[in-house]
Each structure stands twice: as C-alpha cells, then as structure tokens.
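In: Quick one, what's the 3D model for this:
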Amino acid sequence: MITLVSGPSCVGKSTFVARNGLGDRVVFAASLNKAPLPTQDAVVHHCLLRGGDKSPLVPLLEKSRVERAVVLVSPLTVLLHRASRRHQVEPVLRPKWGSSYDGGRWVRKLTDADLTSVYSWWFGLLEHRGIRHEIFDSSDRHYRRLEVRQVPGLLAS
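Out: I've put the predicted structure just below:
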C-alpha cells in the first residue's frame, strides 16, 4: 500500500511519519521525477507548495497507486514560526538541495500562498481520484482529526 503524507513545508510531515510508524520506506515526491514510481509499500512525503499540477506526484495519482492520504494542517502562524526557526532539510534531501533550509524563502512562500485554495484544490484532486484521506491538525501533539470544513478556520487561527 502506498500512503501519501502531504501538507506545506514545516507542517510536520516527517515527524508524523516517524511518530506514527507509517513505514521504513519514505519516498519524497520531489524526487519522483528522477526515481521510479513506488510499486510496493511506501510512504510518499509531499509538500503541497511544490509543483502543483506539474508535480512529479501527479503520475503516481494518475496510476491510482495511492490507497490512503494523510493531509496535515496547521495554522499559518505556526507554519511561519516553524519555518523561521528551521535550519536543515531532511537528510535524504541533502544531496539534491544541500543541508541548509532556507527559512526566509519558505516564510515568503507560505505568506504568499493562498493555503485555503491550495488545500481545496488538493482535497478536490484526492476526491476525484477516489483516494481515501484523513485530515489532522499537526499543531496539536495528539493530531486531532479534522473535517474538510474545519480547515479554513484552522489556517486562519
């Protein structure tokens, strides 16, 4: 089974995967254009602010290999705080992007993005593809489950 864990930068995708024992095989969606699509059990880690409909993740969705999606949401204020304090990218991404996390760049991207629209587009795509998805508040250490209708309010809080 392929599980997709998604959300913007600094929402806590890697932390969620580690804390919830989702799997040892984590594939970063940003590397899918250079690596073969996963064909067996894997967790695909996807930043919603990378690529949009041109994302290398789209072929994976088109081939209906994703059986479950976890969508993480945090208030914009939490994302901005995390981005401004973060210093390094995930170890697996360092060969491609180096070890430094450009917090200023991501603060700008997060500030400029219309996250409500990004999430709305993402939920629509998952529903169109028939991918079962669960939404969690990643600013809550217990990962409180959310309904789609609660996302705009949480983003704005």
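
In: so what's Lys109 up against?
Out: 9, 49 (C-beta atoms under 8 Å, 6 or more residues apart in numbering). (C-beta placed from N, C-alpha, C; glycine too.)

In: can you give me how far the helix or strand it falls within is from the chain middle?
Out: Lys109 belongs to helix 103-112 when elements are defined using DSSP states H and E. Averaged C-alpha coordinates place helix 103-112 at 16 Å from its chain's average position (C-alpha atoms, centre = their mean, to the nearest Å).

In: Just the CA trace of that helix, in CSV.
Out: Backbone C-alpha positions of helix 103-112 (Å, rounded to 0.1, in the frame of the first residue of the first chain) are rendered in CSV as follows:
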residue,chain,number,x,y,z
GLY,A,103,13.6,29.6,6.2
GLY,A,104,13.3,33.1,4.7
ARG,A,105,12.3,31.7,1.3
TRP,A,106,9.7,29.4,2.9
VAL,A,107,8.3,32.1,5.1
ARG,A,108,7.8,34.2,1.9
LYS,A,109,6.2,31.2,0.0
LEU,A,110,3.9,30.4,3.0
THR,A,111,2.9,34.1,3.3
ASP,A,112,2.3,34.5,-0.4
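
In: If we go by neighbour counts, what in it is buried?
Out: Applying a neighbour-count criterion of 16 or more other C-beta atoms under 10 Å, one finds 103, 106-107, 109-110 buried in helix 103-112.
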